[in-house]
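Asks: output the structure for:
(2 chains)
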Amino acid sequence: MVKLVNISFNNFSYNLLHYRLAQLAIILLSLAVIIALTWQKPPKNPISNLNYYQCKITNTLVSQKTLNILLPIADNAEDFAEYLCNTPHIGQTFSHINLNWQKRSDLTAEDLLKEKYQVLWARQESLKGMVLHFDDIYKMLLPSQKIPLFWLSHSEYFALTTEFLTDKVIGLIKDQKSYSSYLVPIDSLKKQGIDIAKLQINYYDSYKALYDAFNRREIDLVSGNNWFGSIIDIDRLTKIPIQHQLDSGGLYMAASVFTPEISCALISAFIAYSPLLDHEAAKLSMSKHCKE
Amino acid sequence: MIMLKKRLFFLACWLFSSIILLVIAFFISQLFFKSEITKQLHTQLAPKLAEAFQQHMFDKHYKVLVKRNINQQLAFIKDASYLSVIKEYSLTVEALFSAKNQNNLHTVYIPWCFGLKEANAKLSIDYYFNWWLLIILSCSVSFFALLALFSLPKPTSSIYKNWLFIICKLNITEDVAKHLSQKLEQNTEAQNLWLMTLLESFTDTSELPKHIQIDALIIWFIETQPQSLNKVSQTTFKAAIMQTNITFDQAYKLVKEPSTLLFNIKSFSITVNGFEIKLAKTPFFYYLWYASLRVNNVQSGWLINPSINTPDIQSAKSLLLLMKEYKGHSKSINELENHGLRAKTLDQNRNKIKETLIDQLGEELSLPYLFDLLRDTRTGRFQYRLKLDPDFIQLPKEIKHKYQEKNKL
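Replies: You can find the predicted model right below:
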């Protein structure tokens, strides 16, 4: 009797369902194991800085010497660098051109003292504010060029008055060292006797974001210069010139590597930015050392 | 042979499952790898891209420059670990501004902020596999999985349970019973039914003869795999194996329909369904003589017993002919010559035949080889003949011919 009970218990404890469940468990476990074994974390992507353009100078006479240039804008970098790379004079002292661009405010005193960049496009007052005896370290190749600046608006009629601006939103850049989209526009408003604290101002990370907001009509007023046409896709615009003209900054070269040939080549290459500077471009070539 | 077959089956399963696992691992590793890369690029590439366009204003070619810079930095990325399935991969930016329209293992979309707009950078991934590692991994994992699957004990079916129940009832130890039940499970339904009925009949009768071992019977059944079981009745089979001198094999043959009877004149023995029975000389000749009457259809094989007072001379002559030619016992020959065929002698010999057969086969099995009897209406005496159909009786060749010649004469 005990035997029979034992047998029937044994039989009950392991039926087809349990068998199938056990099989399924084994299959799932092996899948989990193979997944765990083949799983891997990809090695870190080596993306570092994207804000540069580098080229090798043709017919260079030296092996590893790079001419580092710092610009405040990313545009036309390739043209500028390629022009220099194909200039024979530079090959005598340098093997590569390395063009960098960053926010004006990112430049540090250390960069200047260590001559991290041999060529700079920057504003004299900010450079001198950073380093004593700046003139001993860097030589000016080109003086600062003036850039005309405007207020732009969607409204057909507008005036820089408190009444008009009460229900308007003004767009500016977060970078408080930006002349074109922060300092100069605010200065122009103050000159009109407008209380800045009472205005509605939105701040944006980049020019692109600023003009996107303007295109979307999230903001009513924005400052702009000659090249806004390529960014703003609205036909009907009203412009008010801002009296205070914008300093684009001068072109400087480290005194330690200065040669007349290189400086002339740099000035010629700077023509790539003439569209920004508009009619002032003609003045660029007028340097006393350089000949056509 | 069975082991070899099992091993080959295991190998085939192994190969098959390895391939399946390989394919799964191949795709899943890419899938996970892609999702990891996507996560990484979200935190790395997206802010870098936004940053790259912060200083940009109007240059239409700038996108190309950014793309080129990224691609230069991403060209080939090696995994330092030797245990990585994907040893190397390359990322290529195809477009910085793309519609999200492809979804496969080789395409990644990374959203990034272009001004206030959401842009999607499209990157393509190429994977370079460490194939040997992948093959080794999938083969070894599938090997262990199969090992586990194969060593899983089989579930018990209802057939198995029935067998176990019956066999255990017949006082067989559990281990043996389980083993036997497992083997019986694989038999055909007809076979199972037959054996089960037989075994059940044993469970009913409490006393089993000592010489019958149920486990041996089941093992015999499993090994011989008897086929035409519809011709074998369980009760006669049971009766056969009850005889101590009959093995299971012989019993099976004996019981199988039809019953056949063969006479061996040289050894004075008969063979019934392959089972040889030795007879005494004189009863053998009587048996053979009865058989020849039946085969040659002499009055349908019937022979009326001679009356007590008048012996049958005619029959004695044909019987004498047989005995003399094939070395019959001289005493019997003399008796026949002197007195003819007497009723008493005939009865005695028939009884001897019966005794021998019953002794060897048991009553039930010997029945088809014995005699029919009928009372002759005219004389009031009994007449006898062999019960067996003449088609299944095989006489020695020589005798057959002789009788046919005799009858013609």
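Asks: run through the stretch 101-250 of chain A and note the low-pLDDT ranges.
Replies: The stretch 101-250 of chain A contains residues with pLDDT under 70 at A:226-236, A:244.
Asks: show me which residues of it are close to chain B?
Replies: A:101-103, A:204-213, A:216, A:227, A:230-231 (C-beta under 8 Å from any C-beta of the partner chain). To be clear about C-beta, it is placed using only N, CA and C from the backbone, and glycine gets the same treatment.
Asks: got the phi/psi numbers for residue A:55?
Replies: phi -140, psi 160 (degrees, to the nearest 10).
Asks: please read the previous query as pertaining to residue B:92.
Replies: phi -130, psi 130.
Asks: next one: the helix ranked longest in chain B to chain centre, how far?
Replies: Identified as the longest helix of chain B according to DSSP state H is helix B:2-52. The chain centroid and the centroid of helix B:2-52 are separated by 43 Å under C-alpha atoms, centre = their mean, to the nearest Å.
Asks: do a quick rundown of the strands in the chain.
Replies: Going with chain A. Counting by DSSP state E, residue ranges of the strands within chain A are A:52-56, A:66-71, A:96-101, A:119-122, A:138-142, A:146-153, A:169-173, A:200-204, A:221-224, A:238-247, A:250-254.
Asks: nope, chain B please
Replies: B:77-78, B:86-95, B:107-114, B:117-129, B:261-264, B:269-272, B:275-278, B:303-304, B:371-375, B:382-386, B:393-394.
Asks: where does chain B dip in pLDDT?
Replies: B:1, B:80, B:204-207, B:230-231, B:400-409.
Asks: dump the residue contacts of the closest residue to chain B within the stretch 101-250 of chain A.
Replies: Residue of the stretch 101-250 of chain A nearest chain B, by C-beta to the nearest C-beta: residue A:208 (3.3 Å). Counting by C-beta atoms under 8 Å, 6 or more residues apart in numbering or on different chains, residue A:208 touches A:231, B:53-54, B:56, B:114-116.
Asks: one step back: single out the most deeply packed of the strands of chain A.
Replies: Ranked by mean neighbour count, those are led by strand A:221-224 with a mean of 26 (mean count of other C-beta atoms under 10 Å in any protein chain shown).
Asks: with just CA atoms, put that strand into CSV.
Replies: Below are the C-alpha coordinates for strand A:221-224, written out as CSV (Å, rounded to 0.1, in the frame of the first residue of the first chain):
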residue,chain,number,x,y,z
LEU,A,221,13.4,92.7,-32.1
VAL,A,222,16.9,91.5,-32.8
SER,A,223,20.2,93.1,-33.7
GLY,A,224,21.7,92.2,-37.0
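Asks: so is the longest helix of chain B next to chain A?
Replies: Yes - counting by C-beta under 8 Å from any C-beta, chain A is contacted by helix B:2-52 at B:21, B:24-25, B:28-29, B:32-33, B:36-37, B:40-41, B:44-45, B:48-52.
Asks: break down the stretch 1-150 of chain A into its helices, ranges please.
Replies: A:2-13, A:16-38, A:77-85, A:109-113, A:124-130, A:134-137 (DSSP state H, counting those that start in this stretch).
Asks: pipe the ones you listed into a markdown table and attach mean neighbour count per row.
Replies: Converted to a markdown table, those look like this (neighbours: other C-beta atoms under 10 Å in any protein chain shown):
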| stretch | mean neighbour count |
| --- | --- |
| helix A:2-13 | 12 |
| helix A:16-38 | 15 |
| helix A:77-85 | 21 |
| helix A:109-113 | 15 |
| helix A:124-130 | 15 |
| helix A:134-137 | 14 |
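Asks: who does the residue nearest to residue B:120 when sequence neighbours are not counted bridge with?
Replies: The shortest distance from residue B:120 to any non-neighbouring residue, by C-beta to C-beta, 6 or more residues apart in numbering or on different chains, is to residue B:109 (4.6 Å). Applying DSSP bridges to residue B:109 gives these bridge partners: residue B:122.
Asks: identify the farthest-apart pair in the contacts of residue A:208.
Replies: For these, the farthest-apart pair by C-beta to C-beta is B:56 and B:116; their separation is 14.5 Å.
Asks: which one's more surrounded, those two?
Replies: The neighbour comparison of residue B:56 against residue B:116 (other C-beta atoms under 10 Å in any protein chain shown) goes to residue B:56, with 23 against 18.
Asks: I'd like the distance between the residue nearest to the more buried one when sequence neighbours are not counted and residue B:71.
Replies: Take residue B:56 and drop its neighbours on the chain: the residue closest to it by C-beta to C-beta, 6+ apart is residue A:74, 4.3 Å away. According to C-beta to C-beta, to the nearest Å, residue A:74 and residue B:71 sit 17 Å apart.
Asks: with that, I have no additional questions.
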